[in-house]
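[1] Structure for the following, please:
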Amino acid sequence: MPHHSPLPLFAAALVFAAGTACAATVTVAPGGLDGALAAAAPGDTLVLAPGTHPGPVVVRKPVTLLGEPGAVIDGGGAGNAVTVFAPDVTVRNVEVRNSGISLSEQNTGIFLGKEAHRGVIEGNRLRDNLIGIYVWGAHDVLVQRNDVIGRTDLRLSERGNGIQLWNAPGTQVVDNNVQDGRDGIFTTTSKKNLFARNRFERVRFAVHYMYTNDSEVSDNVSVGNHVGYAIMYSNNLVIRNNRSQGDREHGLLLNYANSALIEGNVIDGHLSPEQAAPVEVVADKDMPVATDGPVEGQRTGTWKCVFIYNANKNRFTGNRFEGCEIGVHFTAGSERNTLTGNAFIGNRTQVKYVGTRHLDWSEKGRGNYWSDNAAFDLNGDGVADEAYRPNDVVDRVMWAYPAAKLLMNSPGVQVIRWAQKQFPALHPGGVIDSAPLMSPPPSPALPQTAERNAQ
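    All right, here's what the predicted structure looks like:
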């Protein structure tokens with residue numbers, strides 16, 4: 001066996017120790033940040049003293065910017081306040097504010113370019129920026145525990161997103177608070193991302209997915225936004241244990257989204273008095289337009305807990321859909337989804353499906369719980385003795401011809417409904433739950449971090 005001298009390993013250890021020892025910690029007074037960055041060596045920590053540090057700031061070396069309480073980087077209202085063009089950069093505990101407001105140039109509070117792999121953006125306050133944090137082409141970035149508040153002096157359509165990703169595989173966005181932007185998190189053309197334990201308020205979409213695959217959205221809280229979780233043109237996602245509380249249009253929207261596991265989510269359409277105030281309505285070209293929604297500016301609760309548009313092979317299990325005008329509305333060829341073990345509670349219309357296929361929403365003798373299902377369970381196995389049908393022919397007539405609602409209580413309509421119940425073959429297709437549950441599954445519990453953020 002050949003003998004290897006330990007000297008090369010010893011020399012390598014000395015080089016590593018020397019590099020570590022050479023890393024310096026430098027306190028930077030307001031006005032000295034550009035010079036400190038120019039003089040810094042890789043691995044240095046620049047401690048920003050309290051006060052305003054003028055920007056824009058460009059970081060081209062792998063260093064740490066660590067803010068003392070009261071340290072502010074002010075972008076001066078032009079371009080990005082902080083731009084990172086180096087890997088392994090950390091920006092921690094700094095208030096970053098006052099970027100430019102050009103949407104075409106994507107002006108940002110903290111912008112990470114394609115070189116900024118493995119960056120850490122942690123514990124910062126983002127104020128008065130167009131986009132809060134933008135990860136543009138860098139991989140394995142951690143965006144954690146930041147507080148992002150957008151521009152309230154701009155119309156919603158003129159604002160940027162709180163946190164934005166493009167082609168940022170492996171990036172994690174966790175434990176952040178986002179308010180008053182366009183979208184809370186917007187991601188496009190990415191993969192293998194994790195968005196977890198974030199809280200979103202007063203935005204258009206809390207989480208907006210476009211062309212982002214093999215990723216996870218878990219334990220987030222969306223309160224009073226237009227849409228909670230808008231998942232579009234994305235595949236192979238895990239959407240787990242999220243909460244939507246009083247989101248205006250949809251708690252969860254799937255548009256050309258396939259092969260997702262959707263479990264343990266709570267979508268509660270009930271509004272608080274504060275949420276019932278009129279809001280600005282903004283259309284989105286990528287979101288299917290609902291022609292049966294509430295009047296513009298009027299808050300009546302969440303219109304649809306779930307809207308499924310041309311999305312298939314998704315599995316819904318253990319979710320709770322409550323207090324919406326419509327529990328689940330699915331259309332445009334969205335019949336190939338599995339729904340089992342969910343609870344539909346107090347929705348004005350539990351399911352809306354204007355189609356002719358026969359769909360059974362149960363699996364292996366286990367269906368869903370329906371609060372309006374007056375059923376019996378004579379053998380005590382927890383499954384109702386009769387199947388449940390959320391819709392009938394009359395429902396479809398009402399959807400197609402709203403004026404027909406005037407006839408809802410007429411003897412003719414009641415005869416039609418009686419006949420359908422006596423002769424199930426009269427049903428022209430639709431959803432049936434052949435094994436409806438007698439009681440709802442336990443309500444999913446949010447992790448401690450998300451519960452704290454929700455308060």
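
[2] For the closest residue to Val120 other than its chain neighbours, name its beta-bridge partners.
    Here the nearest residue to Val120 in space, its sequence neighbours aside, is Thr90; by C-beta to C-beta, 6 or more residues apart in numbering that works out to 4.3 Å. C-beta coordinates here come from the backbone N, C-alpha and C atoms, glycine included. Assessed by DSSP bridges, Thr90 has beta-bridge partners Thr64, Val120.

[3] Beta-bridge partners for Thr331, please?
    Tyr309.

[4] burial of it, as a residue count?
    By other C-beta atoms under 10 Å, 15 other residues sit near Thr331.

[5] Tell me who's in contact with it.
    Ile308, Tyr309, Tyr353, Val354, Gly355 (C-beta atoms under 8 Å, 6 or more residues apart in numbering).

[6] Most neighbours among these, which one is it?
    For the contacts of Thr331, the largest number of neighbours (other C-beta under 10 Å) sits with Ile308, at 27 neighbours.

[7] So it sits against Leu339, correct?
    No - using C-beta atoms under 8 Å as the test, Ile308 is too far from Leu339 to be in contact (9.9 Å).

[8] re earlier: return the per-residue confidence for the residue nearest to Val120.
    At Thr90, the model reports a pLDDT of 98.

[9] That one and Ala41, how far apart?
    Relative to Ala41, Thr90 is positioned 15 Å away (C-beta to C-beta, to the nearest Å).

[10] repeat for Ile239
    44 Å.

[11] ok, those two, which is more surrounded?
    The neighbour count for Ile239 versus Ala41, taken as other C-beta under 10 Å, is higher for Ile239 (27 against 13).

[12] who does the more buried one bridge with?
    Under DSSP bridges, the beta-bridge partners of Ile239 are Val217, Ile262.

[13] Next up, the contacts around Leu103.
    The contact partners of Leu103, by C-beta under 8 Å, 6+ apart, come to Leu130, Glu158, Gly160.

[14] Could you find the closest non-adjacent residue to the last one?
    With sequence-adjacent residues excluded and distances taken as C-beta to C-beta, 6+ apart, Gly160 is closest to Ile131, at 3.5 Å.

[15] In this structure the one you found contacts Leu154, no?
    No - at 11.9 Å, Ile131 does not count as touching Leu154 under the criterion of C-beta under 8 Å.

[16] neighbour-wise, which of these two wins?
    Using other C-beta under 10 Å, the more surrounded residue of Ile131 and Leu154 is Ile131, with 27 against 16.

[17] Just list whatever residues bridge to that one.
    Applying DSSP bridges to Ile131 gives these bridge partners: Thr108.

[18] I'd like the distance between it and Gln164.
    Taking C-beta to C-beta as the measure, Ile131 falls 5 Å from Gln164.

[19] which neighbours do those two share?
    With C-beta under 8 Å, 6+ apart, Ile131 and Gln164 have common neighbours Gln106, Thr108.

[20] For the stretch 351-455 of the chain, just list every one of the strands.
    358-360, 369-370, 430-432 (DSSP state E, counting those that start in this stretch).

[21] Could you identify which of the ones you listed is most buried?
    strand 369-370 (a mean of 23; mean count of other C-beta atoms under 10 Å).

[22] Give me the helices and strands touching that one, please.
    Counting contacts by 3 or more C-beta pairs under 8 Å, 6 or more residues apart in numbering; DSSP states H and E, strand 369-370 packs against strand 343-345.

[23] who does the strand it packs on touch, helix- and strand-wise?
    strand 320-322, strand 369-370.

[24] out of the ones you listed, nearest to Asn213?
    Set against Asn213 and scored by C-beta to C-beta, the helices and strands packed on strand 343-345 come closest in strand 320-322, at 25.5 Å.

[25] just checking, what packs against the closest one?
    Taking 3+ C-beta pairs under 8 Å, 6+ apart as the contact cut, strand 320-322 packs with strand 266-268, strand 304-309, strand 343-345.

[26] could those strands go into a markdown table alongside mean pLDDT and distance to Gln144?
    As requested, the helices and strands packed on strand 320-322 are arranged in a markdown table below (pLDDT from 0 to 100; distance: least, C-beta to C-beta, whole Å):
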| stretch | mean pLDDT | distance to Gln144 |
| --- | --- | --- |
| strand 266-268 | 96 | 24 |
| strand 304-309 | 95 | 29 |
| strand 343-345 | 95 | 33 |
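
[27] Asn379 and Met438: what is the separation?
    In this view, Asn379 and Met438 are 11 Å apart by C-beta to C-beta.

[28] again, but for His226
    Distance, His226 to Met438, by C-beta to C-beta: 35 Å.

[29] Compare the two and say which is more crowded by neighbours.
    Neighbour totals were compared for His226 and Met438, and His226 leads with 23 against 15 (other C-beta under 10 Å).

[30] Verify the stated contact: that one with Arg202.
    No - look at His226 against Arg202 with C-beta under 8 Å: they stay out of range, at 9.8 Å.

[31] which neighbours do Ile308 and Leu339 share?
    When contacts are counted by C-beta under 8 Å, 6+ apart, Ile308 and Leu339 have Val328 as shared neighbours.

[32] okay, Gly412: pLDDT?
    The predicted local confidence for Gly412 is 52.

[33] whoops, Ala18 was the one
    In this model, Ala18 carries a pLDDT of 44.

[34] Likewise for Asp219?
    Here the pLDDT value assigned to Asp219 is 97.

[35] rewinding a little: I'd like to know how far the residue nearest to Val120 sits from Phe307.
    40 Å.

[36] for the stretch 201-350 of the chain, which spans come out with low pLDDT?
    272-300 (pLDDT under 70).

[37] for Asn258, what are its contacts?
    Counting by C-beta under 8 Å, 6+ apart, the residues that Asn258 touches are Asn235, Asn236, Ala311, Asn312, Lys313, Asn314.

[38] Now the fourth one: closest residue in space that isn't a chain neighbour?
    Of all residues beyond its chain neighbours, the one nearest Asn312 is Arg336 (4.0 Å), with distances taken as C-beta to C-beta, 6+ apart.

[39] Thanks again, I'm all set now.
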